[in-house]
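Novice: Quick one, structure for this:
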Amino acid sequence: MPCLRLKLLKRNLPSSNFFKKVGQVTGGTLLSITMLSSSVLAGGLVGLAISFRDLPDVRQLQNFVPSET
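Specialist: Below is the predicted model of the structure:
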């Protein structure tokens, strides 16, 4: 009888293998989300750098005085 009772108790308790698998899936999901968001952020920064690279040089206008004021 005691052996049957232990088997029933073990069957109803969640095993550590379940929690290990849930932790692995959660960790993988968080890692994927982090990698995806960091690549989106890096791509946005590269896009900004490329768009600001093509702006005209306005330092030559520093001493500009219009002919009609």
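Novice: Measure how buried Ile33 is and give me the count.
Specialist: Neighbourhood size, Ile33 [other CB atoms under 10 Å]: 10. For every residue, glycine as well, the C-beta is placed using N, CA and C.
Novice: Helices along this protein, start to end?
Specialist: Per DSSP state H, the chain carries helices over the ranges 2-12, 16-53.
Novice: how about the CA coordinates for stretch 44-60, as CSV?
Specialist: C-alpha atoms of stretch 44-60 as CSV (Å, rounded to 0.1, in the frame of the first residue of the first chain):
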residue,chain,number,x,y,z
GLY,A,44,17.7,52.0,-37.4
LEU,A,45,20.9,53.6,-36.2
VAL,A,46,22.7,52.6,-39.4
GLY,A,47,19.9,54.0,-41.4
LEU,A,48,20.1,57.3,-39.6
ALA,A,49,23.8,57.4,-40.1
ILE,A,50,23.4,56.9,-43.8
SER,A,51,20.7,59.5,-44.2
PHE,A,52,22.7,62.1,-42.2
ARG,A,53,25.8,61.4,-44.3
ASP,A,54,24.2,62.9,-47.4
LEU,A,55,23.3,66.3,-45.9
PRO,A,56,25.1,69.3,-47.4
ASP,A,57,28.0,70.9,-45.6
VAL,A,58,26.7,74.1,-44.0
ARG,A,59,30.0,75.2,-42.3
GLN,A,60,30.8,77.2,-45.4
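Novice: before we move on, back to that, can I get the helices of the chain in JSON lines including mean pLDDT and distance to Arg59?
Specialist: Putting the helices of the chain into JSON lines (pLDDT from 0 to 100; distance: least, CB to CB, whole Å) gives the following:
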{"stretch": "helix 2-12", "mean pLDDT": "59", "distance to Arg59": "76"}
{"stretch": "helix 16-53", "mean pLDDT": "94", "distance to Arg59": "15"}
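Novice: now the ones you listed as a markdown table including distance to Gln62?
Specialist: A markdown table is the format used below for the helices of the chain (distance: least, CB to CB, whole Å):
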| stretch | distance to Gln62 |
| --- | --- |
| helix 2-12 | 79 |
| helix 16-53 | 19 |
